[in-house]
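Give the three-dimensional model of this entry:
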Amino acid sequence: MLLALDVGNTNITIGAFRGDQLTGRWRLRTIREQTVDEWGILLRNLFSLSGLELESAGGIIISSVVPVINPILGEMVRKYFQREAVFVTAETDLGIRVLYDNPREVGADRVVNGVAAWQLYGGPAVVVDLGTAITFDVISREGEYRGGLICAGIGMAISGLFSKTALLPMVNFAAPEKLIGTNTMGSIQSGLYYGSLGMIDGILERLIAELGPDTKLIATGGNAALIREGSRLIQHVDEDLTLTGLRLIWERLGK
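Residues are numbered from 1 along each chain as shown. Predicted structure coming up:
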């Protein structure tokens, strides 16, 4: 069994693969202060509740954009799994060429998404990842990671409105009942939802104009399905794209 961890700024998504089948999936908060033992006990409990044994993990691969937590997770893997974790870096054999000016600057999750998009959908392709930030990652027709765009995430907009104003309440991100809000809650939800849609579709239109009309448009991340409902352009929703990309990289490495 392969264990794949996608460490983001807000959440850690964990996937358990048997072959190419995702048999378990968990989402945890990214708590930077947790110790090696706290992470180990947490994973052991998750495995136990799912009827799995720690010893059944034949390998562990991690993409992380939170460097401070990497040594803790690495030590946890050594202590509780008796293995060395593989961290995806700029030096990893990804199977695609990274055209970023400095490949060490691009987030591991972004290039992992590029690997999965290229192998599953082909190119040209754009992955819209709705995480703490909203990222657009571009794969060329030849299977090159060209780069992309980074925008403020939906959660940032929600917390910014709440923290920087005296009267606006905290709201959940949801599709509004109508475009024109007739109360404060509805007005905020409409602004967040249609503002996000307008930004995403507007950027995608520009990318399609540059890449070509046959560009594949894939959304992933926590709000991907909700955004897909209102988007005019997104064609596919793949919530497990990053986990799948980690599995594909693991297989390429021949671990």
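
any idea how far the closest residue to Asn223 other than its chain neighbours lies from Val86?
Distance criterion C-beta to C-beta, 6 or more residues apart in numbering; nearest residue to Asn223, sequence neighbours excluded, is Leu130 at 4.5 Å. Every C-beta, even on glycine, is put in place using the N, C-alpha and C of the backbone. With distances taken as C-beta to C-beta, to the nearest Å, Leu130 is found 26 Å from Val86.

Compare these two (neighbour count), which wins?
More crowded of Leu130 and Val86, by other C-beta atoms under 10 Å: Leu130, with 23 against 19.

so what's the more buried one up against?
Leu130 makes contacts with 153-154, 219-224, 227, as judged by C-beta atoms under 8 Å, 6 or more residues apart in numbering.

Nearest to Trp250, out of those: which one, please.
Thr220 (18.5 Å; C-beta to C-beta).

Am I right that that closest one is in contact with Val127?
Yes. Proximity of Thr220 to Val127 meets the contact threshold set by C-beta atoms under 8 Å, at 6.4 Å.

anything in contact with each of those two?
Residues touching both Thr220 and Val127 by C-beta under 8 Å, 6+ apart: 113, 241.

Tell me which residues of the lowest-mean-pLDDT helix or strand in the chain come out buried.
Least confident helix or strand of the chain, by mean pLDDT, DSSP states H and E, is helix 154-164 with a mean of 81. Buried positions in helix 154-164, judged by neighbour count with 16 or more other C-beta atoms under 10 Å: 154-155, 157-158, 161.

Dump these into JSON lines; add distance to Ile41 as well.
Below are the buried residues of helix 154-164 laid out as JSON lines (distance: C-beta to C-beta, whole Å):
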{"residue": "Ile154", "distance to Ile41": "32"}
{"residue": "Gly155", "distance to Ile41": "28"}
{"residue": "Ala157", "distance to Ile41": "35"}
{"residue": "Ile158", "distance to Ile41": "32"}
{"residue": "Leu161", "distance to Ile41": "37"}
